[in-house]
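S.K.: no FASTA, just this:
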């Protein structure tokens, strides 16, 4: 993948916020854009891929969520308890909490079908090792496989599944931590600590992610043995990003200074800025992904619709204060400023 772009800079997919325009702009600027496929149907993903191709003829990739096994018998009771805690908030904003859907599949099969037809340059996977059958089908149409990992054991599992390269995500990264098990407690290490550990167990090329915000960070990663960096928070304020007004208000608020890794919004650990929702519900959250994500979706939608920063997930890496508005091309150029 790093050979498909002029610059070793990958745009994180950022499901729910990343857009075809952002993925295309990053690729067009010499980096490598990743289109988010999470939460989409196969038809919507196909439409998104078509839009990227209208905007650029440069290579780009698509990210998918590996389906998360769920156990209704094991988890229903604690999910009901969390729903009961959320109910007063739902009532206060005039929404109803949905009945849980226990399949956990995120339309995965139809999206693999769509990607087999689309033949994109790279398909990335998060939340587990890529399924071997999907890897074989996508390899057959020329797609490379990028797998997100957070430790050496996950790196070995991804390599065994047929990944061509790894995205090594450190604790500094914003948004969901890509642990292979939803209930796992993520380790506290950044990519600088994790990179030598993972290089010791696999020869696969490694892209690193987590608080890469400047050209010095990029140079540091490449000097340490990474082939590229993946950046998310650096692009959140760009013109092409799909950030809501509520998200932007919280992300840029000078008085919001504390970060937390929380399961409050989705059931999976994710790094973001602490707001009232996190303060109230993080102590009660249960590790039942993606069902918790289903429960909080109407609450987050209500917050986005009304501009209420206290109801939305303010995902951000530890370097979020260094994000700047402007074009994605400007951000790519700034990140690549020290490259020769």
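M.R.: Great, that's in hand. Only a predicted model underlies this, so the values are computations on that prediction, with no experimental measurement involved. Residues are numbered from 1 along each chain as shown.
S.K.: Excluding sequence neighbours, find me the nearest residue to the residue nearest the centre of the chain.
M.R.: The centre of the chain sits closest to residue 14, judged by CA atoms, centre = their mean, with a distance of 4.3 Å. The spatially closest residue to residue 14, leaving aside those adjacent along the chain, is residue 232, at 5.3 Å (CB to CB, 6 or more residues apart in numbering). Every residue, glycine included, has its C-beta placed from N, CA and C.
S.K.: That neighbour contacts residue 175, correct?
M.R.: Yes: Residue 232 lies in contact with residue 175 (CB atoms under 8 Å); the separation is 6.4 Å.
S.K.: what residues do these two have in common as contacts?
M.R.: Taking CB atoms under 8 Å, 6 or more residues apart in numbering as the contact rule, residue 232 and residue 175 both touch 12, 14, 317.
S.K.: now, which of those sits nearest residue 93?
M.R.: residue 14 (24.7 Å; CB to CB).
S.K.: gap between residue 75 and residue 226?
M.R.: Look at residue 75 and residue 226: by CB to CB, to the nearest Å, they are 37 Å apart.
S.K.: Compare those two (neighbour count), which wins?
M.R.: Neighbours per residue (other CB atoms under 10 Å) separate residue 75 from residue 226, with residue 226 holding more: 26 against 20.
S.K.: Return the set of buried residues in the helix or strand containing residue 53.
M.R.: Residue 53 belongs to helix 42-55 when assigned by DSSP states H and E. Buried residues in helix 42-55, defined by neighbour count with 16 or more other CB atoms under 10 Å: 42, 45-46, 48-49, 52, 55.
S.K.: How are the strands of the stretch 151-300 of the chain distributed by residue range?
M.R.: Using DSSP state E, counting those that start in this stretch, the strands of the stretch 151-300 of the chain run over 165-169, 175-176, 206-209, 228-231, 259-262, 270-273.
S.K.: out of these, which comes closest to residue 91?
M.R.: That would be, of these and by CB to CB, strand 259-262, which comes in at 22.6 Å.
S.K.: quick revisit: including pLDDT, secondary structure and distance to residue 181, could the shared contacts of residue 232 and residue 175 go into TSV?
M.R.: Compiled in TSV, the shared contacts of residue 232 and residue 175 are given as follows (pLDDT from 0 to 100; DSSP: H, G, I helix; E, B strand; the rest coil; distance: CB to CB, whole Å):
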residue	pLDDT	secondary structure	distance to residue 181
12	98	coil	21
14	97	coil	22
317	98	coil	22
